[in-house]
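**Student:** Got a predicted structure plus its sequence, pasted below:
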Amino acid sequence: MFVLGRAPSASDWRAAVFKPPAAAMLFIVAASFAGMLMWRIEAAQSHVAETLFPFAAAGFGIAAILLAYSARTVFRHSSRLTECSTFLGRVSYSLYLFHLSVAMTIAPHLAGLSVALQLAIYLGICIALSAVFYRIFERPILAMRPGYRRSDEAPAIDAALLAAPAKSAA
């Protein structure tokens, strides 16, 4: 900034953040901050850490999305990563619906376990429940949606037939 004699523009900032090294660094910082807060919650029962954790978790999620977006070429060339991403994309709505209910239901049963084990059990239950819900409910509903034609296809019904007055049968 000082060498160029101008302030960086928004496009310069966006271009830098969308590069994999910068996105990876942001992800590491967000993960470290969230991890530190989790440790403070577990070790010291810190009310400040409990208050800040939802924001840190959201920042971690945003950083993970940014990292995945910036490394999209890696996902395109790895079939295993593509399959995993596709699966998580399919069950994401169910995860959104059930994550809080699962957390509230299992929290009393996991109280004595470490935070890492609690997180692993929580994620496992959420993903399993979401996969079952997707398979039983979402996929059949999505399969019943009407098909939509591309803009270059011919219309199924001629608009002129709809505009013409109907002939009476009498």
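**Tutor:** In hand now; what should we look at?
**Student:** And the next helix or strand past the longest helix along the chain?
**Tutor:** If you go by DSSP state H, the chain has its longest helix at helix 79-106. Proceeding C-terminally, helix 79-106 gives way to helix 115-133 as the next helix or strand, assigned by DSSP states H and E.
**Student:** and that following helix, how far out from the chain's middle?
**Tutor:** Relative to its chain's centre, helix 115-133 lies at 15 Å (CA atoms, centre = their mean, to the nearest Å).
**Student:** Quick one: residues contacting residue 74.
**Tutor:** For residue 74, the contacting residues are residue 81, by CB atoms under 8 Å, 6 or more residues apart in numbering. Where you see a C-beta, it was placed from the backbone N, CA and C, and this is true even at glycine.
**Student:** cool, and residue 68?
**Tutor:** Residues near residue 68 by CB under 8 Å, 6+ apart: 75, 85.
**Student:** pLDDT score assigned to it?
**Tutor:** Residue 68 is assigned 84 on the pLDDT scale.
**Student:** could you say which helix or strand contains it?
**Tutor:** Assigned by DSSP H and E, residue 68 falls within helix 47-70.
**Student:** Direction-wise, compare that helix with helix 79-106 and give the angle.
**Tutor:** 160 degrees (axes from the mean of the first three to the mean of the last three CA atoms, to 10 degrees).
**Student:** Okay, buried residues for helix 47-70 please.
**Tutor:** For helix 47-70, a neighbour-count test (16 or more other CB atoms under 10 Å) marks 49, 52, 53, 56, 59, 60, 63, 66, 67, 70 as buried.
**Student:** Among those residues, which one sits closest to residue 84?
**Tutor:** residue 67 (14.6 Å; CB to CB).
**Student:** if I look at that closest one, how far off is residue 133?
**Tutor:** Distance of residue 67 to residue 133, computed by CB to CB, to the nearest Å: 27 Å.
**Student:** tell me the mean pLDDT over the helix or strand hosting residue 75?
**Tutor:** Element membership of residue 75 [criterion: DSSP H and E] is helix 72-77. What helix 72-77 shows for mean pLDDT is 78.
**Student:** any idea which of the buried residues of helix 47-70 is least confident?
**Tutor:** Looking at those by pLDDT, the weakest one is residue 70, with 87.
**Student:** Find the helix or strand that the residue nearest to that residue when sequence neighbours are not counted is a member of.
**Tutor:** If the residues on either side of it in the chain are set aside, residue 70 comes closest to residue 23, at 4.0 Å by CB to CB, 6 or more residues apart in numbering. Per DSSP H and E: residue 23 is located in helix 20-44.
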